[in-house]
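J.: Here you go, sequence then predicted model.
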Amino acid sequence: MAKAATKTRVRKSLANLEPPPRKKRPESLTSREQEILELIWAGFKNKEIGTRLKISVKTVEAHRANMMKKMRVSNTAQLLKNAIQGGTLKIR
């Protein structure tokens, strides 16, 4: 019987636990992602960004996808909006 009481106590104490706080959104961008974000803001296409940074278009696309995932957005307009509102992108 003591074993059953212990299990019940454990279940009750676990029920009151809160999940750990989530990380702030957006997660911090790498310096390369920040650089690409600024080039997107400047109006460059993926191919132009790749040429300018001497990386492949696929790499640019991967960085863009990673940024969008970190910021939890689904298109470029949302990416730029969130970056501006979050202070990740400074408008000059």
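T.: Sure thing, it's come through.

J.: so residue 50 is in which element?
T.: If you go by DSSP states H and E, residue 50 is part of helix 46-53.

J.: Please point out which parts of that helix sit buried.
T.: For helix 46-53, the neighbour count (16 or more other CB atoms under 10 Å) marks 46, 49-50, 53 as buried. C-betas here are computed from N, CA, C, even on glycine.

J.: cool, stretch 57-77 as well?
T.: 59-60, 63-64, 66-68, 70-71, 73.

J.: my guess is residue 39 contacts residue 51, does it?
T.: No - look at residue 39 against residue 51 with CB atoms under 8 Å: they stay out of range, at 10.7 Å.

J.: that older thread, which of the buried residues of helix 46-53 are the two that sit furthest away from each other?
T.: Of all pairs drawn from those, the widest gap by CB to CB lies between 46 and 53 and measures 10.7 Å.

J.: Show me whatever sits in contact with both of these two.
T.: residue 60 (CB atoms under 8 Å, 6 or more residues apart in numbering).

J.: ok, residue 50 to residue 36 distance?
T.: 10 Å (CB to CB, to the nearest Å).

J.: Between those two, which contacts overlap?
T.: With CB under 8 Å, 6+ apart, residue 50 and residue 36 have common neighbours residue 60.
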